[in-house]
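Peer 1: how would this look folded up:
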Amino acid sequence: MAKKPMDDLLKRRMSATQQASELQATDEAYAKLFREAPPAANVSICDLPLDKLSSFFTADIGFKPYTPSQLRAFADQLQEEGLMVRIIVRPIPGTDCYEILAGHNRTAAARLAEWATIPAEIVEADDARAIVIATSTNLIQRQNLSIIERGKAYKALLDAKNRQGHRSDIEPLTSGENRRKSDRESAQDTSGDSHQKYSARALVAEFFGVTEYEIRKAVKLTYLISELAGILETAPKQLNLACADLMADYDPESQKAFIEMCSIEGCPINKAAMKHIVSKCPPPTANRQDMYAAWREAQDRVDQRLAAPPKKISFNRKQFAPYLEGRSDKEIEALFLEFLRERVG
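Peer 2: Presented below is the predicted three-dimensional model:
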């Protein structure tokens with residue numbers, strides 16, 4: 001067989017394997033989270049017009065698109081090799097359009113390559129299955145996701161699970177789950193059933209190979225306002241995860257106070273300053289002027305500490321070894337004091 005036909009055959013086989021793997025992974029994620037196989041649904045394959053495709057809108061899953069340079073490279077690859085894995089879509093009721101469940105970057109690259117249509121797999125999926133497909137494909141395949149991108153995906157999955165309502169086969173809470181929740185955390189629950197919430201988090205953690213602690217931290221950071229989320233992701237030296245975690249306890253209006261604090265060059269906000277602000281202005285709601293005052297107090301404390309003389313003076317003992325050999329620390333201290341009295345006193 002000639003090299004070109006052989007290459008085409010290998011690409012087709014690889015494409016079929018990747019497509020099956022993508023769909024299998026989403027079905028496994030659904031079965032793990034909902035404890036049942038995904039509902040049987042019709043699946044069809046065809047080329048869809050690009051102008052009939054809409055981005056995923058069922059939930060805020062937060063994945064950022066490729067950069068322009070990445071899309072350009074992807075578009076060039078499509079022109080040369082074609083699409084290796086079909087996108088996955090579902091029909092939008094009452095229209096002839098489709099919602100993209102998996103393949104937003106593939107679609108964007110195809111538009112950049114000036115394609116008119118794109119190979120797609122059309123599935124009949126309810127909102128829960130649509131969310132699982134949209135999130136699990138990215139969580140599994142994209143290794144460079146930010147913590148906020150992961151947090152939004154986890155939250156969408158947890159919300160979908162919690163909307164099931166109470167189930168009799170839910171595991172009991174562990175003792176660690178009995179800690180007091182803040183009013184804000186309770187208000188943000190998508191369900192009144194904390195047992196259900198725990199079970200969903202445990203199942204998501206197990207499937208994606210992370211801890212429940214990692215999921216809690218990631219989901220909590222999704223409550224940052226967009227400005228703070230942007231600073232966290234693009235300028236971590238100005239806002240670290242520990243401080244961002246404390247900021248997320250505040251409501252959106254109160255969080256605005258932190259934008260200016262994080263934007264001052266050479267003076268990044270640290271955990272000690274954040275703890276001082278929290279002690280003076282407890283979340284979830286605080287007066288912004290009071291927060292600024294608490295921050296200035298924390299900065300003043302740092303300045304005073306830096307300006308204060310050191311409590312101890314240290315020397316390189318090796319340099320003085322020929323003169324101090326055999327003497328104890330107390331003898332050395334007394335010797336230096338005597339020397340200073342004679343020279344300074």
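Peer 1: Now the element after the helix or strand hosting Leu203, going C-ward?
Peer 2: Using DSSP states H and E, Leu203 falls within helix 194-208. Next helix or strand after helix 194-208 toward the C-terminus (DSSP H and E): helix 212-221.
Peer 1: Could I get the average pLDDT for the very next helix or strand once past that following helix?
Peer 2: Next along the chain after helix 212-221, taking DSSP H and E as the criterion, comes helix 226-234. Mean pLDDT, helix 226-234: 92.
Peer 1: Contacts made by helix 226-234 with the rest, please.
Peer 2: With C-beta atoms under 8 Å, 6 or more residues apart in numbering as the test, helix 226-234 has contacts from 146-148, 221, 224, 238-239, 241, 244, 247, 255-256, 258-259, 262-263. Just so you know, the C-beta spots here come from the backbone N, C-alpha and C atoms, and that holds for glycine as well.
Peer 1: Could you tell me which of those count as buried?
Peer 2: Buried members of the contacts of helix 226-234, scored by 16 or more other C-beta atoms under 10 Å, are Ser146, Ile147, Ile148, Leu221, Leu224, Gln238, Leu239, Ala244, Met247, Gln255, Phe258, Cys262.
Peer 1: Isn't the second one up against Ile215?
Peer 2: No - counting by C-beta atoms under 8 Å, Ile215 is not a contact partner of Ile147; they are 10.7 Å apart.
Peer 1: returning to what we had before: can you tell me which of the buried ones among the contacts of helix 226-234 comes closest to Asn316?
Peer 2: Checking the buried ones among the contacts of helix 226-234 against Asn316 with C-beta to C-beta, the nearest one is Gln238 at 36.2 Å.
Peer 1: Assign a three-state SS to the closest one, would you?
Peer 2: Following DSSP: H, G, I helix; E, B strand; the rest coil, we place Gln238 in the coil state.
Peer 1: Now for it: which residues touch it?
Peer 2: Here Gln238 is in contact with Ile231, Cys262, Ser263, Pro268, Ile269 (C-beta under 8 Å, 6+ apart).
Peer 1: swap the cut-off to 6 Å and go again
Peer 2: Applying C-beta atoms under 6 Å, 6 or more residues apart in numbering to Gln238 gives the contacts Ile231, Cys262, Pro268.
Peer 1: Over to Ala73: give its phi and psi.
Peer 2: Note on Ala73: its backbone torsions stand at phi -60, psi -40 [degrees, to the nearest 10].
Peer 1: burial count for it?
Peer 2: As a burial measure, Ala73 scores 13 neighbours (other C-beta atoms under 10 Å).
Peer 1: do the same with Gln141
Peer 2: Neighbours of Gln141 using other C-beta under 10 Å come to 14.
Peer 1: Same check on Arg343?
Peer 2: 7.
Peer 1: For the stretch 51-200 of the chain, which segments count as helices?
Peer 2: 68-81, 104-112, 127-141, 147-162, 183-188, 194-208 (DSSP state H, counting those that start in this stretch).
Peer 1: between these, which gets nearest to Tyr323?
Peer 2: The nearest among the helices of the stretch 51-200 of the chain, by C-beta to C-beta, is helix 147-162 at 55.7 Å.
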